[in-house]
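> Fold the following, please.
(2 chains)
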Amino acid sequence: MELKNELKRCIEMAVSNSDVSILDPREDGMHLEAVVVSDVFENMSLIQRHRLVMDAIKQYFNKELHALSLKTFTKSQFEESING
Amino acid sequence: MDETLEKIKQDIDSNKIILFMKGNRLMPQCGFSARVVHILDELKIDYETRDVLSDELLREKIKEFSNWPTLPQLYVNKEFIGGCDIVSELYKTGELKKIIGC
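Below is the predicted model:
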């Protein structure tokens, strides 16, 4: 629980005006999933988006965090993904 | 430069497609590595792999080299492509084929 909040806070600080959800689909606390929605991602390549997020949380890997599956969307991409 | 970093650079320079992963092509030791192997196999291309589980130094240094905290890591034409999420998404959109040129 604590880790999820910390990751959310770190990502929100790095990605301005972002909506961040941290999920724990396996319920093991180590293989987490992040969904990050922000218009900052506009005009960024996939690798640039992922680097921005991964850089913000890299200190948590090797410790309690084993893997983070990451999905990044702009606001309009996110709306498309839930409606489509 | 550090010897392991030097070796990583050489490997990336001399192999068009190289995957740093846990385990090997035939026996991936982690679901994320397995998924990338599966995708590369689907594309029917030649690629090299390096097993970070059999080399603790490599496992640490590849993260430093790429400035990327997790494995697997895929390089194509000396360029870092990404880990499992990125490779999966690029495969889905057809962009991976373009990057590899197949």
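
> Identify the bridge partners of the most centrally placed residue in chain A.
By C-alpha atoms, centre = their mean, chain A has its centre lying nearest to A:Ala34, at 3.7 Å. With DSSP bridges as the criterion, A:Ala34 is bridged to A:Ile22, A:Leu70.

> ok, the closest residue to chain A within chain B - contacts?
Closest to chain A within chain B is B:Pro69: 3.9 Å, counting by C-beta to the nearest C-beta. Quick note: C-beta positions are derived from backbone N, CA and C, even for glycine. With contacts defined as C-beta atoms under 8 Å, 6 or more residues apart in numbering or on different chains, B:Pro69 is in contact with A:54, A:57-58, A:61-62, B:63.

> switch the cut-off to 6 Å
Contact analysis of B:Pro69 by C-beta atoms under 6 Å, 6 or more residues apart in numbering or on different chains lists A:58, A:61, B:63.

> how deep is residue 50 tucked in, by neighbour count?
Picked chain A for this. When counting by other C-beta atoms under 10 Å in any protein chain shown, one arrives at 22 neighbours for A:His50.

> sorry, should have said chain B
21.

> How about A:Met13?
10.

> did I read that right, it in a strand?
No. Counting by DSSP: H, G, I helix; E, B strand; the rest coil, A:Met13 falls outside a strand, being helix.

> any idea how far it is from chain B?
Distance from A:Met13 to chain B, counting by C-beta to the nearest C-beta, to the nearest Å: 17 Å.

> The residue nearest to that residue when sequence neighbours are not counted and A:Ala67, how far apart?
For A:Met13, ignoring the flanking residues on the chain, the nearest one in space by C-beta to C-beta, 6 or more residues apart in numbering or on different chains is A:Ala56 at 6.8 Å. Using C-beta to C-beta, to the nearest Å, we find A:Ala56 at a distance of 16 Å from A:Ala67.

> Generate JSON lines for the contacts of B:Pro69, with neighbour count and secondary structure as supplementary columns.
Output for the contacts of B:Pro69, formatted as JSON lines (neighbours: other C-beta atoms under 10 Å in any protein chain shown; DSSP: H, G, I helix; E, B strand; the rest coil):
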{"residue": "A:Lys58", "neighbour count": "18", "secondary structure": "helix"}
{"residue": "A:Phe61", "neighbour count": "17", "secondary structure": "strand"}
{"residue": "B:Lys63", "neighbour count": "19", "secondary structure": "helix"}
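
> Can you tell me which of those is nearest B:Ile45?
Nearest to B:Ile45 out of the contacts of B:Pro69 is B:Lys63 (C-beta to C-beta; 25.2 Å).

> contacting residues for the closest one?
B:Pro69.

> what number of residues lie near A:Tyr60?
Neighbours around A:Tyr60, by other C-beta under 10 Å: 17.

> Return the distance of the residue nearest to the centre of chain A relative to B:Met27.
29 Å.

> Which parts of chain A are helices?
A:2-14, A:46-57, A:75-83 (DSSP state H).
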